[in-house]
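Visitor: Have a look at this prediction, sequence included:
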Amino acid sequence: MNEMRAIVLSLHGSEAEITPVGGNGCGHCASGKGCGSGKLSQLFCSSKQRTFKVSNAISAQVGDEVNVGLPDGVLLRNSMLMYVLPLTFMLAASLLASSFFENARDAAALLGAVAGLLAGFIVVRLLTKRSGMQAVVRSVVNAAGS
C-alpha cells in the first residue's frame with residue numbers, strides 16, 4: 001500500500017478533504033532538471049496547495065495529521081483507465097460517425113471524436129467513483145490540539 005502524510009482540512013460526511021504534508025517531488029523541481037519534463041515538474045511541484053477527498057473511516061478531525069493509504073495497483077489502473085478508455089471511445093465514435101454521414105465525413109468524424117472523448121471521460125469518472133478503490137485515512141499521526 002502506498003502511504004503519505006496529510007493534514008485534514010475539512011470533513012464532508014464520511015470523507016475528509018486533505019492536503020499532503022511536505023515532500024514536493026525529489027528536490028530538483030526548482031531547477032527544472034529533476035525528471036526531465038519541465039511541465040511535469042511544475043504540475044507536481046506547484047507552490048499552490050493541492051487538496052483531495054478521501055474516505056475517512058477512522059473519523060479523523062479537522063487539523064489532524066494523518067497517514068493516507070492508496071491500495072497497490074490503484075494508481076496504475078486508474079491512470080491506464082483515464083488514458084485508454086476516452087481514446088478508445090473517441091476513435092470508435094469518430095469511425096462510427098464518419099461511416100453514417102457520407103457527404104460530410106470529416107465534419108462527422110470530428111464531431112464524433114469530440115463526443116466520444118467526452119463520453120469516455122464521463123464513463124471513467126463513473127467507473128472510478130463506483131470502484132470503491134480510493135485513498136483511505138489509515139491512522140492519525142498527530143491529533144489537532146496535541
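Guide: Right, received. Where do you want to start?

Visitor: Could you list every helix and strand in contact with the host helix or strand of Leu118?
Guide: Here Leu118 sits within helix 105-130, counting by DSSP states H and E. The contact analysis (3 or more C-beta pairs under 8 Å, 6 or more residues apart in numbering; DSSP states H and E) places helix 105-130 against helix 74-100. Any C-beta I mention is one placed from the backbone N, CA and C, and that applies to glycine too.

Visitor: Report the angle between the helix it packs on and helix 105-130.
Guide: Between helix 74-100 and helix 105-130, the angle comes out at 150 degrees (axes from the mean of the first three to the mean of the last three C-alpha atoms, to 10 degrees).

Visitor: Helix 74-100 - contacts with which helices or strands?
Guide: Judged by 3+ C-beta pairs under 8 Å, 6+ apart, helix 74-100 is in contact with helix 105-130.

Visitor: what's the pLDDT at Met90?
Guide: Model confidence at Met90, expressed as pLDDT, equals 96.

Visitor: Just checking, which helix or strand of the protein averages the lowest pLDDT?
Guide: The weakest-scoring helix or strand in the chain, judged by mean pLDDT, DSSP states H and E, is helix 38-44 (a mean of 52).

Visitor: quick one: buried residues of the helix holding Leu118?
Guide: For helix 105-130, burial by neighbour count (16 or more other C-beta atoms under 10 Å) applies to 108-109, 111-113, 115-117, 119-120, 124, 128.

Visitor: can you list contacts of the helix or strand just after that helix?
Guide: The element immediately downstream of helix 105-130 (helix or strand, assigned by DSSP H and E) is strand 136-142. Identification of contacts with strand 136-142 by C-beta atoms under 8 Å, 6 or more residues apart in numbering yields 3, 5, 8, 16, 18, 54-58, 60, 64-70.

Visitor: Could you do stretch 105-112 as well?
Guide: Counting contacts by C-beta under 8 Å, 6+ apart, the residues touching stretch 105-112 from outside are 93-98, 100-101.

Visitor: Rebuild those as CSV, extending it with distance to Ala143 and neighbour count.
Guide: Supplementary listing: those in CSV, determined by distance: C-beta to C-beta, whole Å; neighbours: other C-beta atoms under 10 Å:
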residue, distance to Ala143, neighbour count
Ala93, 51, 22
Ser94, 54, 20
Leu95, 56, 14
Leu96, 56, 14
Ala97, 56, 21
Ser98, 60, 19
Phe100, 61, 10
Phe101, 62, 14
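
Visitor: Alright, I will stop here.
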